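Participant: prediction below, plus the sequence it came from.
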Amino acid sequence: MNPYLYLIIDLLSFSVPFIYSFERKRIHFIQYWKPYFGALLLVGSIFIIWDVFFTIWGVWGFNDDYLIGWRIATLPIEEWLFFLLIPYASNFIHYALVYFLPRFGLPKSVARFLPVVFGVVALSIAIMHFDRLYTVVSFGLFSILMFLQTYYRPPIFRTYMLSFLLILIPFLVVNSWLTGSFTNEPIVFYNNTQNLGIRLGTIPVEDFFYCFSLLYSNILIFEYLKKRFGYQQIDSGEPTE
């Protein structure tokens, strides 16, 4: 057992995007740290509260064999770092793609109907499995985001949906590690009475919707703050039709 493993996963996930944030010739993401970390703290605080209560209620838990042992409000310090480092690393991928491929994205017609379909399906799953707390909250929050997307139509959805497919690659590696694919026991374990019991490898299907809601919420708040305080846009064009 390695008591530093969760911490190492956090830091490894963050390290490369963090280093490239200082690169000046292209994205120079460090210039956006103020609005981006503002978004991280705002969204992260909501997910931390969710995390605390789910830990208390036994929806999920953490294996002390892979933790350094410091806890704040029932959560390991590694979990607190997760909400700071992982969204940063994941969404850096999106902005790198936007920079290098400024016109990639979904056609407008697809971007209009896709959130409606996603929202209806997710809400239906949440309602049908109302006795499973993780299912209700993860699919329910995702459906709310999709209905808000349908109503307000922020254009970043067109590029972010395709970025998310690439983000899923490191997500699968990190979450597989956390849920026990590469260790004798999972670092993060789940109470299957509170989820659908459907897993991709060792990852509960709810985690994918939880992940999207966390990351896309960060992006939306970041884009709002960036525009509100007059920061230069990273992208240089609209996606193609």
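Facilitator: That came through fine. Residues are numbered from 1 along each chain as shown.

Participant: so where do the strands sit in the chain?
Facilitator: For the chain, the strands defined by DSSP state E cover 60-62, 71-72, 75-76, 188-190, 199-200, 203-204.

Participant: ranking these by burial, who's on top?
Facilitator: Mean neighbour count (mean count of other Cβ atoms under 10 Å) peaks for strand 203-204 among the strands of the chain, with a mean of 22. For every residue, glycine as well, the C-beta is placed using N, CA and C.

Participant: name every strand pairing with that one and say which way it goes.
Facilitator: As defined by DSSP bridges, the strand partners of strand 203-204 come to strand 199-200 (antiparallel).

Participant: quick check: mean pLDDT across the partner strand?
Facilitator: The average pLDDT for strand 199-200 rounds to 97.

Participant: return the distance of it from the chain's centre.
Facilitator: 17 Å (Cα atoms, centre = their mean, to the nearest Å).

Participant: circling back to that earlier point, among the strands of the chain, which is nearest residue 13?
Facilitator: strand 188-190 (14.4 Å; Cβ to Cβ).

Participant: quick one: mean pLDDT over the closest one.
Facilitator: On average, the pLDDT along strand 188-190 is 98.

Participant: minimum distance to residue 113: which of the strands of the chain has it?
Facilitator: strand 199-200 (25.7 Å).

Participant: hmm, who's touching stretch 131-147?
Facilitator: Residues outside stretch 131-147 that contact it (Cβ atoms under 8 Å, 6 or more residues apart in numbering) are 50, 54, 57, 59-60, 115-116, 118-120, 122-123, 125-126, 129-130, 190, 193-196, 204, 206-207, 209-210, 212-213, 216-217.

Participant: so how do I select the buried members of the residues you listed in PyMOL?
Facilitator: Typed into PyMOL, the line below selects the buried ones among the contacts of stretch 131-147, using 16 or more other Cβ atoms under 10 Å:
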select buried, resi 50+54+59+60+115+118+119+122+123+125+126+129+190+194+195+196+204+206+207+209+210+212+213+216+217
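
Participant: helices - which of the contacts of stretch 131-147 land there?
Facilitator: Using DSSP state H, the subset of the contacts of stretch 131-147 located in helices is 50, 54, 115-116, 118-120, 122-123, 125-126, 206-207, 209-210, 212-213, 216-217.

Participant: returning to what we had before: export the strands of the chain to JSON lines and tack on distance to residue 162?
Facilitator: Putting those into JSON lines (distance: least, Cβ to Cβ, whole Å) gives the following:
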{"stretch": "strand 60-62", "distance to residue 162": "30"}
{"stretch": "strand 71-72", "distance to residue 162": "36"}
{"stretch": "strand 75-76", "distance to residue 162": "33"}
{"stretch": "strand 188-190", "distance to residue 162": "28"}
{"stretch": "strand 199-200", "distance to residue 162": "20"}
{"stretch": "strand 203-204", "distance to residue 162": "21"}
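
Participant: quick one: low-confidence parts of the chain?
Facilitator: For the chain, residues meeting the criterion pLDDT under 70 lie at 233-241.

Participant: that older thread, so which of the strands of the chain comes closest to residue 175?
Facilitator: Taking Cβ to Cβ, strand 203-204 is the member of those nearest to residue 175, at 4.8 Å.
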